[in-house]
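I need the structure of the sequence given here:
(one chain, ligands or ions: 2)
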Amino acid sequence: MIVNLNLQNKKIIIIGGGNEAQKRINSLLKQECDITIIADSINSQITKLTKTKKIKVIKQKVVDTKFISKLKPNMIITTTNDRKINQKIINAAKKKGITVYSSDNPEDSDFSNPAIIDFENMIQIAIFTGGQSPAMSKKIKEKSEKALKKTITKEDIAQIKIQKMARKLAKEVIDTPDQRRECLRSIMRDNEIDQLIKDGQMKKAEKKVSTILRNWK
Ligand SMILES: C[C@@]1(CC(=O)O)C2=NC(=C\c3[nH]c(c(CCC(=O)O)c3CC(=O)O)Cc3[nH]c(c(CC(=O)O)c3CCC(=O)O)/C=C3\N/C(=C\2)[C@@H](CCC(=O)O)[C@]3(C)CC(=O)O)/[C@H]1CCC(=O)O
Ligand SMILES: NC(=O)c1ccc[n+]([C@@H]2O[C@H](COP(=O)([O-])OP(=O)(O)OC[C@H]3O[C@@H](n4cnc5c(N)ncnc54)[C@H](O)[C@@H]3O)[C@@H](O)[C@H]2O)c1
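Ligands and ions are numbered 1, 2, ... in the order given. Below you'll find the model as predicted:
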């Protein structure tokens with residue numbers, strides 16, 4: 001089952017500082033969460049990231065699981081190339097009811113990472129083979145990315161921004177979910193708004209949306 005994790009303000013610990021850690025940090029940076037890396041060595045890309053982004057680094061080899069009681073994380077991601085320590089961390093986290101992921105152990109992890117096609121941080125499309133073939137996920141991602149870039153337009157992304165603003169206002173000014181849905185759909189179909197989006201006139205589009213919503217009956 002593919003779901004999206006809401007990690008806003010969550011405390012996340014990543015053990016290890018190699019390629020896998022780097023991939024996980026890059027995904028986590030898309031949300032406002034508190035990231036701490038514990039590793040005896042970190043690669044140059046992560047070092048660069050720690051200089052520009054808010055990431056804490058504890059430079060040490062993890063030999064036991066005491067860090068869990070000390071740091072009290074909401075989630076632990078272990079990415080070391082040491083199977084034994086990864087397993088110890090998984091077991092300890094599970095005992096404490098902490099969400100845990102290990103790069104070398106999909107079976108014992110609480111979630112998976114699909115291949116992601118991202119459009120301007122506004123739309124994410126996930127490709128997942130249920131752990132059967134990560135390499136095929138990557139290949140299908142690369143193949144579909146080209147086709148999807150032709151299908152999903154700049155105007156679609158702008159319409160999402162319009163819909164976001166419209167939904168918020170709709171919840172305030174329209175009483176029933178059915179009416180809100182009908183109104184949001186009519187905004188999506190509105191030729192004038194469509195043209196304003198195409199012309200890059202976002203402020204005017206928003207104004208028109210606001211008028212439609214406030215006069216909705
Ligand atoms: C899609 C992607 C997303 C991401 O990582 O963010 C991803 N792996 C990617 C690449 C990749 N990973 C590996 C190779 C080498 C070739 C190969 O093995 O196929 C390549 C290809 C390459 O690098 O070219 C090795 C590998 N992968 C796993 C293990 C551990 C194990 O199997 O035990 C091992 C070590 C195996 C060993 O020891 O030999 C496990 C998982 N990898 C997953 C995701 C999850 C299942 C996803 C699915 O089923 O769709 C899962 C189950 C982990 C999870 O649940 O999160 C990302 C592409 C990102 C992109 O570029 O788009
Ligand atoms: N899920 C996936 O898609 C995927 C893909 C490739 C590899 N893997 C698995 O992920 C693991 C890591 O791969 P990688 O490419 O990041 O390896 P890597 O060698 O680049 O990085 C390993 C990191 O772990 C650190 N480390 C090792 N032992 C430690 C300890 N006790 N305490 C703290 N830090 C420690 C090292 O210093 C290094 O920074 C491998 O076991 C591999 O099987 C998973």
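
Ligand 1 contacts on the chain?
Residues of the chain lying near ligand 1 by Cβ under 6 Å from any ligand atom: 23, 104, 106, 109, 112-115, 128-135, 137-138, 141. (Glycine included, C-beta is placed from N, CA and C.)

Give me the buried subset of these.
Among the residues of the chain next to ligand 1, those buried by neighbour count (16 or more other Cβ atoms under 10 Å) are 104, 109, 113-115, 128, 137, 141.

Can I get these in JSON lines including secondary structure?
Below are those laid out as JSON lines (DSSP: H, G, I helix; E, B strand; the rest coil):
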{"residue": "Asp104", "secondary structure": "coil"}
{"residue": "Ser109", "secondary structure": "coil"}
{"residue": "Asn113", "secondary structure": "coil"}
{"residue": "Pro114", "secondary structure": "coil"}
{"residue": "Ala115", "secondary structure": "strand"}
{"residue": "Phe128", "secondary structure": "coil"}
{"residue": "Ser137", "secondary structure": "helix"}
{"residue": "Lys141", "secondary structure": "helix"}
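
just checking: which of those also lie near ligand 2?
Filtering these for proximity to ligand 2 by Cβ under 6 Å from any ligand atom leaves Asp104.

State the pair within the buried ones among the residues of the chain next to ligand 1 that is farthest apart.
Greatest spacing in these, by Cβ to Cβ: Asp104 and Lys141 (21.7 Å).

How about the residues of this protein by ligand 2?
Counting by Cβ under 6 Å from any ligand atom, the residues of the chain close to ligand 2 are 15-21, 38-42, 61-62, 79-82, 85, 103-104, 134.

Among the residues you listed, name the ones in helices.
Members of the residues of the chain next to ligand 2 lying in helices (criterion: DSSP state H): 19-21, 85, 134.

Out of the residues you listed, which end up buried?
Here, 16+ other Cβ under 10 Å leaves 20-21, 85 buried among these.

would CSV of those residues with pLDDT and distance to Glu155 be doable?
Formatted as CSV, those follow (pLDDT from 0 to 100; distance: Cβ to Cβ, whole Å):
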residue, pLDDT, distance to Glu155
Glu20, 98, 37
Ala21, 98, 37
Ile85, 98, 49
